[in-house]
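Undergrad: I need the structure of the sequence given here:
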Amino acid sequence: MAFNDPATKAMLRMEVRRFASRCEADQALLQRADSLREVVRLASRSIPSMLSGEHEAREAQRRLVQAADERARELVLDHLNAWGKAHDEQRDRLMKNLVDDLASLTGPLGHLRTWAQNKRTAAEQMF
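TA: Predicted structure coming up:
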């Protein structure tokens, strides 16, 4: 592909804008996501190969992953707070759900699995 061609450059710029707008739409969806699986699914948007060299595309993906990271941390902390306030009968069920949700932390949010397990262990030791 000849990148010196003005038509090709215009097409590339259009694709970058399109990718960035998709990432922004996913960021809005992240704010409404109520499960870790949904957050991981939204965060795993990959850059098309023809845009991999474009700074704007990489920046849009970075902002998306950063927003997903923040939302995943909020969800884990909310889950642990609900576990701490629950009755004894509900705690086992809530902890099992949390462990299942932590298994879905993969891909760009895989580093949060260790953080979440440490938070879970600290919460269990408090009770």
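Undergrad: Confirm for me that residue 67 is in contact with residue 28.
TA: No: using CB atoms under 8 Å, residue 67 is not in contact with residue 28, being 9.4 Å away. For every residue, glycine as well, the C-beta is placed using N, CA and C.
Undergrad: the more surrounded of these two?
TA: residue 67 (21 against 10; other CB atoms under 10 Å).
Undergrad: can you tell me how far that one sits from residue 26?
TA: 8 Å (CB to CB, to the nearest Å).
Undergrad: And residue 64, by the same measure?
TA: The value you get for residue 64 to residue 26, if CB to CB is used, is 6 Å.
Undergrad: Mutual contacts of those two, please.
TA: Common contacts of residue 64 and residue 26 (CB atoms under 8 Å, 6 or more residues apart in numbering): 42-43, 45.
Undergrad: In TSV: these, plus secondary structure.
TA: Shown next, in TSV, are these (DSSP: H, G, I helix; E, B strand; the rest coil):
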residue	secondary structure
42	helix
43	helix
45	coil
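Undergrad: Lowest-confidence one in these?
TA: Within those, the minimum per-residue pLDDT falls on residue 45 (90).
Undergrad: can you tell me which residues contact that one?
TA: 22-23, 26, 61, 64.
Undergrad: and which of the residues you listed is nearest to residue 55?
TA: The shortest gap between residue 55 and any of these belongs to residue 61, at 10.9 Å (CB to CB).
Undergrad: Now do the contacts for the nearest residue to residue 77 once chain neighbours are set aside.
TA: What sits nearest to residue 77 in space, not counting adjacent residues and going by CB to CB, 6 or more residues apart in numbering, is residue 119, at 7.2 Å. Going by CB under 8 Å, 6+ apart, residue 119 touches 76-77, 80.
Undergrad: Can I get the buried part of the residues you listed as one ChimeraX selection?
TA: The ChimeraX selection below is limited to those of these classed as buried (16 or more other CB atoms under 10 Å):
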select :76,80
